[in-house]
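Student: Need a 3D model of the sequence below.
(one chain, ligands or ions: 1)
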Amino acid sequence: MQRILVTGALGQVGSELVPALRTRYGTDHVIASDIRVAQRGAGDEGPFQLVDCTSQRQIQEAVRRYQIDTIYHLAALLSAVAEQKPQVAWDINMGGLYRTLEVARENRCAVFVPSSIGAFGPNTPTDGTPQDTIQRPTSMYGITKVAGELLCDYYHGRFGVDARGVRYPGIISHVTPPGGGTTDYAVEIFHDAVRHGRYTCFLRPDTRLDMMYMPDAVKAAIELMEADPERLRHRNAFNVTAMNFTPEELAAAIRRHMPGFTIDYGVDPVRQAIADSWPNSIDDSAARAEWGWAPSYDLLSMTADMLSHVSGGMTLTD
Ligand code: SER
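Tutor: Numbers count the residues shown, from 1 in each chain. Here you go, the predicted structure:
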């Protein structure tokens with residue numbers, strides 16, 4: 001039976017991955033950890049440990065105390081915050097990953113590491129972005145993601161650490177807000193639609209990006225970690241996507257349920273520049289071929305489910 005440590009467990013992905021892992025492997029087999037204590041959520045339904053992932057000693061203590069064999073290393077700053085605090089982003093995103101991989105090497109743990117569409121840059125092919133392609137990102141977030149992908153490959157090749165990962169697109173969820181990403185508009189829009197019937201978007205109406213609904217993001221992590229290693233030719237940094245759309249297209253999907261919904265635009269140049277440097281649509285055929293990746297939600301089914309959760313089951317009309 002696996003014994004799992006999740007870092008960054010109170011973040012957007014962790015808040016939903018931890019309960020899913022506990023359902024699958026047993027509550028006591030999944031240790032949630034974060035730099036702060038939970039108000040509610042991931043930490044209070046099972047074991048919780050305070051861990052600052054920039055401290056190798058703290059990661060090491062948690063791994064030894066709970067006899068961990070698998071680490072889901074989610075602790076990281078997202079793209080927009082990383083651009084505001086590049087030095088802190090380097091420490092957390094790179095330092096945290098390096099220390100986690102070191103602990104994994106010493107204790108023979110497998111590691112899941114999320115990379116991102118942020119690992120691509122302005123000279124990456126933008127449509128049908130291949131699995132193996134040019135990666136020269138211009139944001140600090142992207143730089144830490146590419147370096148992280150390489151570091152995971154290195155730890156596997158050099159030390160045999162079973163490090164695996166996906167390149168997530170923007171993730172849409174209703175449990176915990178993302179906090180500081182360029183794709184956050186696709187979450188905020190649902191809350192503002194339900195509360196105010198309108199939304200001011202910080203990206204231009206025609207900004208096309210890949211996205212995924214949280215149940216698929218959780219499924220991707222678990223299925224990749226359970227995949228037969230013999231079939232994994234890439235192992236790290238698999239492109240995965242479920243849909244791609246522009247703010248204009250997402251607004252139109254919301255309007256099918258709320259005909260009076262309106263959107264306007266107040267573009268944030270920093271986040272727009274980051275979004276413009278990312279692909280329009282990525283090709284995830286390697287993930288499909290090597291471990292059977294297939295998403296369950298598209299734009300329309302995600303929109304219907306998000307609206308029903310965010311509105312708390314209210315009937316939505318204009
Ligand atoms: N959703 C992330 C961000 O916007 C992309 O990895 O930062």
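Student: can you list the residues of this structure near the ligand?
Tutor: Neighbours of the ligand within the chain, by CB under 6 Å from any ligand atom: 78, 79, 116, 117, 118, 141, 168, 170, 181, 182, 183. From N, CA and C alone the C-beta is placed, and that goes for glycine too.
Student: Quick one: residues contacting the nearest residue to the fifth one once chain neighbours are set aside.
Tutor: By that I understand residue 118. The shortest distance from residue 118 to any non-neighbouring residue, by CB to CB, 6 or more residues apart in numbering, is to residue 142 (4.4 Å). Contact analysis of residue 142 by CB atoms under 8 Å, 6 or more residues apart in numbering lists 79, 116, 118, 119, 120, 121, 277.
Student: For residue 116, see how far away residue 142 is.
Tutor: 8 Å (CB to CB, to the nearest Å).
Student: same thing with residue 173?
Tutor: Residue 173 is 15 Å from residue 116, by CB to CB.
Student: More neighbours: the two, which one.
Tutor: residue 116 (29 against 23; other CB atoms under 10 Å).
Student: so what's the more buried one up against?
Tutor: Contacts of residue 116 (CB under 8 Å, 6+ apart): 79, 141, 142, 145, 167, 168, 169.
Student: Tell me which residues of the helix or strand hosting residue 80 come out buried.
Tutor: Per DSSP states H and E, residue 80 falls inside helix 79-84. For helix 79-84, a neighbour-count test (16 or more other CB atoms under 10 Å) marks 79, 80, 81, 82, 83 as buried.
Student: returning to that earlier point: sort out for me which of the residues of the chain next to the ligand are in helices.
Tutor: 79, 141 (DSSP state H).
Student: Quick one: residues contacting the residue most central in space within the chain.
Tutor: Per CA atoms, centre = their mean, the C-alpha nearest to the average position across the chain is that of residue 168, at 5.2 Å. Listed by CB under 8 Å, 6+ apart, the contact partners of residue 168 are 13, 114, 115, 116, 117, 212, 217, 220, 240.
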